[in-house]
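In: would you be able to build a 3D model of this:
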Amino acid sequence: MSTFTTVLLIILAVALVLLVALYFLGRNMQQKQLESQKMLEASSQLVTMLIIDKKKMKLKEAPLPKQVYEQTPAWGKLMKIGVVKAKIGPRIVNLVADGQVFKHLPLKAEVKAKISGIYITEITKGAVLTEKEIEKNRKKKEKEAKKAAKK
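Out: Next up is the predicted model:
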(Lines give C-alpha, C1' and ligand atoms only; values in the text may rest on other atoms or scores of the structure.)
Protein backbone atom coordinates (compact mmCIF):
# COMPACT_ATOMS: atom_id res chain seq x y z
CA MET A 1 0.00 0.00 0.00
CA SER A 2 1.15 3.47 -0.78
CA THR A 3 1.26 6.26 1.76
CA PHE A 4 -1.54 8.07 -0.06
CA THR A 5 -4.03 5.23 0.43
CA THR A 6 -2.96 4.83 4.08
CA VAL A 7 -3.57 8.52 4.76
CA LEU A 8 -6.89 8.36 2.91
CA LEU A 9 -8.04 5.36 4.97
CA ILE A 10 -7.09 7.11 8.22
CA ILE A 11 -9.01 10.23 7.20
CA LEU A 12 -12.06 8.15 6.28
CA ALA A 13 -11.92 6.30 9.61
CA VAL A 14 -11.71 9.56 11.58
CA ALA A 15 -14.60 11.03 9.56
CA LEU A 16 -16.70 7.93 10.22
CA VAL A 17 -16.02 8.09 13.96
CA LEU A 18 -16.94 11.80 13.99
CA LEU A 19 -20.20 11.14 12.15
CA VAL A 20 -21.20 8.38 14.56
CA ALA A 21 -20.36 10.59 17.57
CA LEU A 22 -22.38 13.50 16.14
CA TYR A 23 -25.34 11.21 15.46
CA PHE A 24 -25.52 10.02 19.06
CA LEU A 25 -24.88 13.51 20.45
CA GLY A 26 -27.68 14.94 18.28
CA ARG A 27 -30.09 12.21 19.33
CA ASN A 28 -29.29 12.83 22.99
CA MET A 29 -29.81 16.60 22.62
CA GLN A 30 -33.11 16.02 20.82
CA GLN A 31 -34.38 13.89 23.72
CA LYS A 32 -33.36 16.59 26.22
CA GLN A 33 -35.18 19.22 24.15
CA LEU A 34 -38.36 17.14 24.09
CA GLU A 35 -38.22 16.69 27.87
CA SER A 36 -37.72 20.42 28.48
CA GLN A 37 -40.53 21.23 26.03
CA LYS A 38 -42.88 18.96 28.00
CA MET A 39 -41.86 20.68 31.23
CA LEU A 40 -42.49 24.12 29.70
CA GLU A 41 -45.94 23.09 28.52
CA ALA A 42 -46.81 21.57 31.89
CA SER A 43 -45.93 24.73 33.80
CA SER A 44 -47.33 27.24 31.29
CA GLN A 45 -50.17 29.58 32.12
CA LEU A 46 -52.29 31.93 30.05
CA VAL A 47 -51.95 35.62 30.97
CA THR A 48 -53.00 38.96 29.54
CA MET A 49 -50.14 41.38 29.20
CA LEU A 50 -49.42 44.81 27.81
CA ILE A 51 -46.19 44.84 25.79
CA ILE A 52 -44.22 47.95 26.74
CA ASP A 53 -40.92 47.33 24.98
CA LYS A 54 -39.00 44.58 23.22
CA LYS A 55 -35.31 44.34 22.33
CA LYS A 56 -32.75 41.81 21.15
CA MET A 57 -29.76 41.83 23.47
CA LYS A 58 -27.05 39.62 24.86
CA LEU A 59 -27.94 37.68 27.98
CA LYS A 60 -25.40 39.54 30.12
CA GLU A 61 -26.92 42.92 29.18
CA ALA A 62 -30.50 41.75 29.71
CA PRO A 63 -32.31 42.94 32.85
CA LEU A 64 -32.92 39.40 34.08
CA PRO A 65 -32.06 37.78 37.42
CA LYS A 66 -28.40 36.73 37.90
CA GLN A 67 -29.54 33.14 38.38
CA VAL A 68 -30.71 33.01 34.74
CA TYR A 69 -27.27 34.05 33.51
CA GLU A 70 -25.46 31.63 35.81
CA GLN A 71 -27.57 28.62 34.78
CA THR A 72 -27.23 29.27 31.04
CA PRO A 73 -24.67 27.15 29.16
CA ALA A 74 -21.61 28.89 27.70
CA TRP A 75 -22.90 28.78 24.10
CA GLY A 76 -26.17 30.40 25.23
CA LYS A 77 -24.37 33.32 26.83
CA LEU A 78 -22.95 34.35 23.45
CA MET A 79 -26.31 34.52 21.66
CA LYS A 80 -28.73 37.42 21.56
CA ILE A 81 -32.16 36.80 23.05
CA GLY A 82 -35.50 38.56 22.71
CA VAL A 83 -36.23 40.45 25.94
CA VAL A 84 -39.75 41.78 26.43
CA LYS A 85 -40.80 44.33 29.03
CA ALA A 86 -44.47 43.73 29.80
CA LYS A 87 -47.08 44.78 32.30
CA ILE A 88 -48.90 41.80 33.76
CA GLY A 89 -51.59 43.03 36.10
CA PRO A 90 -50.06 45.73 38.31
CA ARG A 91 -46.47 44.47 37.88
CA ILE A 92 -43.93 45.30 35.18
CA VAL A 93 -41.75 42.29 34.40
CA ASN A 94 -38.95 41.39 32.00
CA LEU A 95 -39.55 38.21 30.02
CA VAL A 96 -37.67 36.19 27.42
CA ALA A 97 -39.53 35.42 24.19
CA ASP A 98 -39.13 32.54 21.76
CA GLY A 99 -37.68 33.67 18.39
CA GLN A 100 -40.91 33.33 16.39
CA VAL A 101 -43.01 34.78 19.21
CA PHE A 102 -40.67 37.77 19.59
CA LYS A 103 -40.98 38.59 15.91
CA HIS A 104 -44.79 38.70 16.05
CA LEU A 105 -45.22 40.58 19.35
CA PRO A 106 -46.71 44.04 18.82
CA LEU A 107 -45.46 47.05 20.77
CA LYS A 108 -47.80 48.92 23.09
CA ALA A 109 -50.63 46.44 22.60
CA GLU A 110 -52.40 43.99 24.86
CA VAL A 111 -52.06 40.29 24.06
CA LYS A 112 -52.93 36.98 25.66
CA ALA A 113 -49.92 34.74 25.78
CA LYS A 114 -48.74 31.51 27.33
CA ILE A 115 -45.81 31.99 29.66
CA SER A 116 -43.76 29.49 31.57
CA GLY A 117 -41.70 31.18 34.24
CA ILE A 118 -40.01 34.07 32.45
CA TYR A 119 -40.36 32.50 29.00
CA ILE A 120 -43.11 33.51 26.53
CA THR A 121 -43.91 30.40 24.52
CA GLU A 122 -46.84 31.45 22.33
CA ILE A 123 -49.32 34.22 21.59
CA THR A 124 -52.93 33.08 21.71
CA LYS A 125 -54.98 36.26 21.24
CA GLY A 126 -54.35 39.89 20.50
CA ALA A 127 -52.91 42.15 17.86
CA VAL A 128 -50.29 39.88 16.30
CA LEU A 129 -47.99 41.44 13.72
CA THR A 130 -48.20 40.09 10.17
CA GLU A 131 -45.19 39.46 7.93
CA LYS A 132 -45.89 42.70 5.97
CA GLU A 133 -45.89 44.75 9.17
CA ILE A 134 -42.67 43.12 10.33
CA GLU A 135 -40.98 43.93 7.00
CA LYS A 136 -42.33 47.50 7.10
CA ASN A 137 -40.94 48.01 10.63
CA ARG A 138 -37.56 46.59 9.58
CA LYS A 139 -37.31 48.96 6.60
CA LYS A 140 -38.33 51.90 8.79
CA LYS A 141 -35.57 51.08 11.31
CA GLU A 142 -33.01 50.78 8.49
CA LYS A 143 -33.95 54.25 7.17
CA GLU A 144 -33.67 55.73 10.66
CA ALA A 145 -30.26 54.10 11.12
CA LYS A 146 -29.04 55.54 7.79
CA LYS A 147 -30.24 59.02 8.77
CA ALA A 148 -28.48 58.74 12.13
CA ALA A 149 -25.28 57.57 10.42
CA LYS A 150 -25.30 60.59 8.08
CA LYS A 151 -25.51 63.04 11.02
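In: buried set for the longest helix anywhere in the chain?
Out: Counting residues, the longest helix found in the chain (DSSP state H) is helix 3-42. Of all the residues in helix 3-42, those buried under the rule 16 or more other C-beta atoms under 10 Å are Leu40. The way it works is simple: take the backbone N, C-alpha and C, and place the C-beta from them, glycine included.
In: tell me how far that helix lies from the chain's centre.
Out: 23 Å (C-alpha atoms, centre = their mean, to the nearest Å).
In: tell me the helices and strands packed up against it.
Out: Applying 3 or more C-beta pairs under 8 Å, 6 or more residues apart in numbering; DSSP states H and E, one finds that helix 3-42 contacts strand 119-126.
In: other SSEs contacting whichever helix or strand comes after the longest helix of the chain?
Out: Next helix or strand after helix 3-42 toward the C-terminus (DSSP states H and E): strand 45-58. Other helices and strands packing on strand 45-58, by 3+ C-beta pairs under 8 Å, 6+ apart, are strand 80-88, strand 110-116.
In: what do you get if the cut-off is 10 Å, keeping everything else the same?
Out: strand 80-88, strand 91-97, helix 99-104, strand 110-116, strand 119-126 (3 or more C-beta pairs under 10 Å, 6 or more residues apart in numbering; DSSP states H and E).
In: what average pLDDT does the longest helix of the chain get?
Out: Mean pLDDT, helix 3-42: 91.
In: then stretch 114-131?
Out: For stretch 114-131, the mean confidence score works out to 79.
In: how far away from the center of its chain is that stretch?
Out: 13 Å.
In: offset the numbering so it begins at 318, please.
Out: Happy to do that; since the first residue is 318 now, the last one works out to stretch 431-448.
In: start to end distance for that stretch?
Out: Across its full length, stretch 431-448 reaches 21 Å end to end, with C-alpha to C-alpha, to the nearest Å as the criterion.
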